[in-house]
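K.L.:
with the sequence up front, the predicted model follows.
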Amino acid sequence: MHPHVAAEITVAAVDDYMQIDPSRDDLIRISLNPGSRARLGLAETSQSEWAQNLSVRLVNGKASFMMMGERLEMVVMCAEWIDGRSPLRPLTTMKEIGVD
């Protein structure tokens, strides 16, 4: 991911067999580690406000958002369930900015 270039990221609710569960329409929160200079924005709007955390709703089990960083850094990104028919397990992953 290159600095100052927005990248689209997609998250998905998966079942025990790692298949996308299209029945999920849950609300989830995506957040970045404190101190990160990266920001999140909505994928469907070009004038999105960029922030450290973002709430998105799954549609057919998936949701997309944008992430943009300013500098070389390792960003910790967390996805947490907020609301829906039953809790989803949280996920934490890392993304390098400034490294191909």
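P.N.:
Everything's here; your move. Residues are numbered from 1 along each chain as shown.

K.L.:
need the contact list for the most centrally placed residue in the chain.
P.N.:
Relative to the mean C-alpha position of the chain, the nearest C-alpha, by CA atoms, centre = their mean, is the one of I30, at 4.8 Å. By CB atoms under 8 Å, 6 or more residues apart in numbering, the contact set of I30 is 11, 40, 53-56, 65, 77-79. C-beta here means a position set from N, CA and C on the backbone, and glycine is covered the same way.

K.L.:
could you do F65 as well?
P.N.:
8-9, 11, 30, 40-43, 54, 56.

K.L.:
list just the nearest of these to G98.
P.N.:
I9 (16.3 Å; CB to CB).

K.L.:
now for that closest one: which residues touch it?
P.N.:
By CB under 8 Å, 6+ apart, the contact set of I9 is 64-67, 77, 95.

K.L.:
tell me the buried residues within the residues you listed.
P.N.:
Using 16 or more other CB atoms under 10 Å as the burial test, the contacts of I9 include 65-67, 77, 95 as buried.

K.L.:
among those, which ones are in strands?
P.N.:
For those, the ones inside strands are 65-67, 77, 95, with DSSP state E as the criterion.

K.L.:
let me have those in JSON lines, adding distance to P34 and pLDDT as columns.
P.N.:
Formatted as JSON lines, these follow (distance: CB to CB, whole Å; pLDDT from 0 to 100):
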{"residue": "F65", "distance to P34": "19", "pLDDT": "93"}
{"residue": "M66", "distance to P34": "20", "pLDDT": "92"}
{"residue": "M67", "distance to P34": "16", "pLDDT": "92"}
{"residue": "M77", "distance to P34": "13", "pLDDT": "96"}
{"residue": "K95", "distance to P34": "16", "pLDDT": "90"}
